[in-house]
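what's the 3D shape of this:
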Amino acid sequence: MAKFKYKLQSVLDIKEKMESQEKIAYGLATAKVLEEQEVLQKLMIQKAGYDRKARELVKGDMDLLEIRACRNAVDTMKARIRNQMIELHRAQKQQEIARNRLNAVMIERKTYEKLREHKMEEFKHELLLEENKEIDQLVSYTYSQNE
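Predicted coordinates:
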């Protein structure tokens, strides 16, 4: 019995390895986005705390140094939040790039798999034709022997 051997199997194997590497890269990019979102959320919570403290200081006894320090802290937090939003945006761009690369590699792999499937079908069809030819020859030989 003939055995199917795909000539481009090594290429398909490489494409599968590339896909797994891109999946890892995409996973790392997604983890980075989640990490940056978490940092941003913590900064926003910290800023809200400073805002609350500043409102309480204005309502109570007027300690100008403490109010000024609290407002400086709020301004600092605003700057840190702005910087964190920039980092989050960068991480999201990297995630998008990784997703696009993953999609491209997946399309290539699927193309080679489809080609492999077509070659397999051709092989099966040729094998069937060969078997039919052998059966015809056997029937013809048997028929000629009986006459």
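
Output the below-cut-off pLDDT ranges for the chain.
1, 147 (pLDDT under 70).

Where does the residue nearest the centre of it fall, secondary structure wise?
Among the residues of the chain, the one closest to the centroid is Tyr26, at 4.0 Å (CA atoms, centre = their mean). In this assignment (DSSP states H and E), Tyr26 forms part of helix 9-59.

The residue nearest to Leu28 when sequence neighbours are not counted in helix, strand or coil?
Ranked by CB to CB, 6 or more residues apart in numbering and with sequence neighbours excluded, the top spatial neighbour of Leu28 is Ala98, at 7.8 Å. From N, CA and C alone the C-beta is placed, and that goes for glycine too. Under DSSP: H, G, I helix; E, B strand; the rest coil, the three-state class of Ala98 is helix.

Quick one: residues in contact with stretch 106-120.
4, 6-9, 11-12, 15-16, 18-19 (CB atoms under 8 Å, 6 or more residues apart in numbering).

Narrow those to those that are buried.
Restricting the contacts of stretch 106-120 to buried positions leaves 12, 15, 18-19, with burial counted as 16 or more other CB atoms under 10 Å.

what's the farthest-apart pair in the contacts of stretch 106-120?
For the contacts of stretch 106-120, with distances taken as CB to CB, the pair at the greatest spread is Phe4 and Met18 (23.9 Å).

returning to that earlier point: now the residue nearest to the centre of the chain. Nearest residue, chain neighbours left out?
Using CB to CB, 6+ apart, the nearest residue to Tyr26 is Ala98, at 4.3 Å.

Now do the one you found against Gln84, distance only.
Distance, Ala98 to Gln84, using CB to CB, to the nearest Å: 21 Å.

ok, now Leu8?
Remark: distance between Leu8 and Gln84 (CB to CB) = 47 Å.
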